[in-house]
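Novice: Can you look at this prediction? I've put the sequence above it.
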Amino acid sequence: MKLILIALGCLFLALAVLGVFLPLLPTTPFLLLASACFARSSERLHRWLRNHGALGRYLSDFEDGRGIPLRGKVLALGLMWPSMVYSMYRVPFIGLKVLLFLIACGVSVYLLRLPTARPAGAVPVSSPES
């Protein structure tokens, strides 16, 4: 089972990397799937992924419950909505247009409800005591 999970983790990681460059292939779900597979099969690979220079901080912040950075939220929403609107314009079936709209709304609600991770080294603002 370990070998299957490692193979799946590698496949999902490859798809996540491809998703960085291909606009319709999502990066985050595949990255999370790769992390889940590695967490259940190889502590070394999971640690490597969490400490990766480009992907590790986002992954560890998400897994540790700190959320995603504000820049990531803005970028995700700013890229998703124009592509969804264009897709809705190009799709001839009203049912698919409605489905695309509902998916975009669901993803938006999910992203906006996630905690916003503070930048590295940021000092939390304390509230004044009464």
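Specialist: Yep, that arrived.
Novice: Next, the buried residues of the strand or helix carrying Leu79.
Specialist: Applying DSSP states H and E as the criterion places Leu79 in helix 70-90. Residues of helix 70-90 classed as buried: 72-73, 76, 80, 84, 87-88 (neighbour count, 16 or more other CB atoms under 10 Å). To be clear about C-beta, it is placed using only N, CA and C from the backbone, and glycine gets the same treatment.
Novice: Which of those scores worst on pLDDT?
Specialist: Of all the buried residues of helix 70-90, Gly72 has the smallest pLDDT value, namely 77.
Novice: ok, the spatially most central residue of the chain to Ile103 distance?
Specialist: Residue closest to the mean C-alpha point of the chain, counted by CA atoms, centre = their mean, is Thr28 at 2.9 Å. Separation of Thr28 from Ile103 (CB to CB, to the nearest Å): 14 Å.
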